[in-house]
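Sequence first, then the predicted structure:
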Amino acid sequence: MKDYETIIGLEVHIELNTNTKLFCSCSTEFGAMANTNVCPICMGMPGTLPVLNEKAIELAVKAGKIFNANINTTSRFDRKNYFYPDSPKGYQITQMDMPICSGGYYDIEMEDGKKRINIDRIHIEEDAGKLIHLKEENISLVDYNRAGIPLIEIVTGSDFRSADEVILFLKDLRAILQYTGISDGKMEEGSLRCDVNISMRAKNSMDLNKKVEIKNLNSFREVYRALIMEEEIQEKLYAESREDEIKEETKRWDETLGENIPMRSKDDEQDYRYFIEGDLLDIHIEEDFIKNISEDIAELPNLRRKRIIKEYNIPIMQVDILMENKIYIDYFEEVVSYGMDSIEAANWITVDILRILKEREITDAIPINPSYLAKLINLIKNGDINRNVGKKILDMMVDINKDPETLVQEMGLIQISDIDELEKVVGKVIVDNPEAVDDYKKGKSKALGYFMGQIMKATKGKANPPKVKKILERKLDEIK
Amino acid sequence: MDVKNLNIKDIQNGYMKKDFTVKEVINGYLDSIEKEDEVIGSFINIDRKSAIKKAMTVDEEIKNKEDINGLMGIPIALNDDVCTKDMPTTCGSKMLEDFTSPYDATVVKKLKSAGAIIIGKTNMDEFGLGSTTENSFYKTTKNPWNIKKVPGGSAGGAAAAIAAGFVPLALASDNDGSLRQAASFCGLVGLKPTYGLVSRYGLISPTSSLSQIGIMSKNVEDCALVLEIIQGSDSMDSTSYKAKKNKDYTSKLKNEIRGLKVGIPIESFNENLDPEIKNKIDKIIDILSDMDIIVEKFSMGNLENGLLTHYMIMSAEVSSNLSRYDGIRYGYQTKNFNTMDELMRNSRSEAFGEEIKRRITLGGLILTSKYYDKYYYNAKKLAEEIKRECINTLKFYDLILMPSSPVLPYDIGMEIKKPLDIYRSKLYTVIANITGLPSMSLPCGFSSNGLPIGLELMTDYFNEDKLLNMAYHLRKKLVNTPGLEEL
């Protein structure tokens, strides 16, 4: 019945991966105590002036190249004037008329082929501080740690036709940002925030109808739900020929209510009184600078995925788990580079390492030296330790940064593979458990497991399982 | 001791010859301020204690020295928009009444390390907006030549302080001629360097593209020396000039100037020019010719457009530059509020004066998307034209000469009644702010009722050496020309 199509465009704000802020030398570290990463410049003290962080230009140009945009050799900063306590100068330094990158595109891969998303522009701007409203005490607090953190804003064309397409794009975008070091892309820390605008029109028409903007969406789930909810509302109005009731307005997503709350209509939109930022010079970018950055762009995630699949012969599901975070896949490739079997390495990382990270709530790095994991895999392969001991060692290595070989030595965990010694242990366990012998004779396969457990217990887990199993079966069969 | 007429050379020679100590000199100035500034009203804050302490340190330092350089032991005042971490910086506003900056401006660091002693901060029109210093929240400064008259402004406090002999030197901002017009009203030398030659870091300027820190002094030599100290590129100011090498101005002062070409815009002699000033400029033209300077009149079609252009751009920038004063992080905070919005609105309404409000309102309006093209964009376009015209002119002339002001110092009380009329006193000086060109005001005699008259020289970018060179010779000639009633 659908005679209408959905038109969606995005404005994505991305915190750049710089050590210092856009116009001063304060740290950009997330999670510091409120108002500790501040200085007279980012606090907007009288008489201070901004000095541009060149790293931000580098990262913005990199983003421009990745999204096939024109890098404007001359660009300029403007002031966006508005009063709000999160804005220490009473204006935000941004780029209005002359952004650093303009034009560009990105192809998302849909089931039925590629779809081109146009990029209107990418510009650089500074982030604002953060307000915390304490409702009960009826006060508001402001934290300026975030004020002045460099952002790029990527503005897409209105090329999306569904929330699914948007999510596909955003997931690719986040991966690209992480893989190329432009941003950590952590949505939970606000490193990637999204404004969406959505409208509908009769299919195949070129109409530009009233659109609703939904601001500050902080997760894929929020983006998706906000779009679906708004789409439903508009769809219903169009279906009932009540589309006149759609208002051009700005909304915000309320996660607890699960709906979009109107903030202001287009008529109330404030005039930001943009004009040239006279405290900064125009940005002039040399061709050589652009060339050097282009050459320096890391392998993009979609290409890397293809290469990993081809090169390592591991299941696609595992490839996707490893690709979820650049840290995982980098780690994987490094472990493999020590000559380890890729399947083993992938198993250890996607199962055990990820479990450890989850248990310990580690997000930023894998706390085990990749060469140690390689050695651990080797120890198991050579039969020096068994798999269970290996897992214990792995856990230990998170806390004690030591070579697994050393740990195994120190803890006396070398696997018992000596036949005579194993014979003795197996013999004793059989003698000590006559009921289990009976069970075994009655054909209960569980009994074998029980014996294995007892033997492992007696050897503190050090017995070589295949060897034990062989000896055990032989001895049990010898009993009449 | 009597310090009234000393210049840098006199003071430093005295130190060398042990005629007096730094402490004695500083005390001399501080005493005269204490005795006489009640009437003049030039200072907002004086830091007697640390000035004396610093003087004693310098005394100790130079005790065994054979030569004194830089600004060792030289007292200096700062217009109260230059940030100092050991003294309040009020900008002449209630908004910053209790404000002390957490850092020193770049020029302050340079002054301090050159051995200068900052004795206090001088009165100014609130945030540099005004032409008479009457827009100060704190006091009305009087012109020492006639206390019924204004000292000019916004940097009127600094000008009055030097003219009254309270201090030999001052740094001040020049946004529209604020420094040069005040220098001319008080019979002083005032230099606004090329935009970017002196770091603006730590200058609380009402505008970003028009403002520049400059120097006020009694003579050209002092001005040149101070410029040598405060000039230079600064990593804290993106708009500062990336100079390869700083220039030496003092040694070039006496260079030959015969044969230089000076252009005078005919438009500067219009019906609005005070006849006494016109008369004085005519005499200067004769004197220059006597000095083998080639003087020609030329037409500068855009001269009259400068004021309006400047007023638009300045108001726009003011509306944005003064946005940070919202009562939240520093400065005046209203007690009268229930919401965040009221906190910001009422703090600003209660602490800003009339002129500030006028400019913010106008500036805010012309930046709205409705009026941007008509006013702001056109003003910027006109500013480019004015710049082009000046640069072209300076291909033919070494210097452009105009009166510093078309009028003599006003009576106190006029600005409040007719702010726009008073702004006309900046008719000539704004050109250097719009273009960023270096410009200097020099005393060139007195009116019949004994008020100082100034002339303005302007030259090409970063040619301060040429400007100072010319100024030096012209002043020397004027002082030695009978009948000019020189200072």
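On my side now, so go ahead. Residues are numbered from 1 along each chain as shown, chains lettered A, B, ... in the order given.

what about residue 452, how many residues close to it?
Because you didn't say which chain, this covers chain A. Residues lying near A:Met452 (other Cβ atoms under 10 Å in any protein chain shown) number 17. Every residue, glycine included, has its C-beta placed from N, CA and C.

Correction: the question concerned chain B.
With other Cβ under 10 Å as criterion, B:Pro452 counts 27.

List the contacts of the host helix or strand of A:Ala60.
Secondary structure from DSSP states H and E places A:Ala60 in helix A:54-66. Residues outside helix A:54-66 that contact it (Cβ atoms under 8 Å, 6 or more residues apart in numbering or on different chains) are A:14, A:16-20, A:22, A:69-71, A:100-101, A:104, A:122-124, A:150, A:152, A:154, A:176-177, A:180-183, A:283, A:285, A:289-290, A:293-294, A:296-297, A:300.

Go again with 7 Å.
Applying Cβ atoms under 7 Å, 6 or more residues apart in numbering or on different chains, the external contacts of helix A:54-66 come out as A:16-18, A:22, A:71, A:100-101, A:104, A:122, A:124, A:150, A:152, A:176, A:180, A:182, A:283, A:285, A:290, A:293-294, A:297, A:300.

which residues of the stretch 201-350 of chain B score low on pLDDT?
B:244 (pLDDT under 70).

What does A:Gly157 show for phi and psi?
phi -70, psi 170 (degrees, to the nearest 10).

A:Asn19 too?
Dihedral angles (degrees, to the nearest 10) for A:Asn19: phi -80, psi -30.

can you pull the contacts of it?
Contacts of A:Asn19 by Cβ under 7 Å, 6+ apart are A:Ser27, A:Thr28.

now do 8 Å
So A:Asn19 contacts A:Ser27, A:Thr28, A:Lys55 (Cβ under 8 Å, 6+ apart).

Select only the buried ones of the residues you listed in ChimeraX?
The buried residues among the contacts of A:Asn19 can be selected in ChimeraX (16 or more other Cβ atoms under 10 Å in any protein chain shown) with this line:
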select /A:28
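
Now list the buried members of the contacts of helix A:54-66.
Using 16+ other Cβ under 10 Å, the buried members of the contacts of helix A:54-66 are A:16-18, A:22, A:71, A:100-101, A:104, A:122, A:124, A:150, A:152, A:176, A:180, A:182, A:283, A:285, A:290, A:293, A:297.

Among those, which lie within helices?
A:Ile176, A:Ile290, A:Ile293 (DSSP state H).

Please tell me I have it right and the second one contacts A:Asn70.
When you say that, I think you mean A:Ile290. No - under the criterion of Cβ atoms under 8 Å, A:Ile290 makes no contact with A:Asn70, lying 10.3 Å away.

Can you name the residue of the stretch 201-350 of chain A nearest to chain B?
A:Gly278 (3.2 Å; Cβ to the nearest Cβ).

tally of neighbours for that residue?
Quick note: A:Gly278 (other Cβ under 10 Å) scores 20 neighbours.

Over to A:Ala436: give its phi and psi.
phi -70, psi -30.

Can you give me the pLDDT of the nearest residue to it once chain neighbours are set aside?
In this structure, A:Ala436 finds its nearest non-sequential neighbour in A:Ala447, 5.0 Å apart by Cβ to Cβ, 6 or more residues apart in numbering or on different chains. pLDDT recorded at A:Ala447 is 83.

same thing with A:Arg307?
For A:Arg307, pLDDT reads 95.

you'd agree it is up against A:Glu299?
Yes - assessed by Cβ under 8 Å, A:Arg307 is found in contact with A:Glu299 at 7.4 Å.

re the thing from before, take the ones in helices among the buried ones among the contacts of helix A:54-66 and write them to a markdown table, including pLDDT and distance to B:Gly41.
Shown next, in a markdown table, are those (pLDDT from 0 to 100; distance: Cβ to Cβ, whole Å):
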| residue | pLDDT | distance to B:Gly41 |
| --- | --- | --- |
| A:Ile176 | 96 | 64 |
| A:Ile290 | 97 | 58 |
| A:Ile293 | 96 | 58 |
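
about what we covered before: contact partners for the residue of the stretch 201-350 of chain A closest to chain B?
B:Thr207, B:Ser208, B:Ser209, B:Thr239, B:Glu317.

Now, those that are in helices?
Using DSSP H, the contacts of A:Gly278 in helices are B:Glu317.

tell me, which of the contacts of A:Gly278 make contact with chain A?
B:Thr207, B:Ser208, B:Ser209, B:Thr239, B:Glu317 (Cβ under 8 Å from any Cβ of the partner chain).

Tell me which two in these are the farthest apart.
B:Thr239 and B:Glu317 (13.1 Å; Cβ to Cβ).

Quick check: neighbours shared by those two?
A:Gly278, B:Ser208.

quick one, which of these two is more surrounded?
B:Glu317 (27 against 19).
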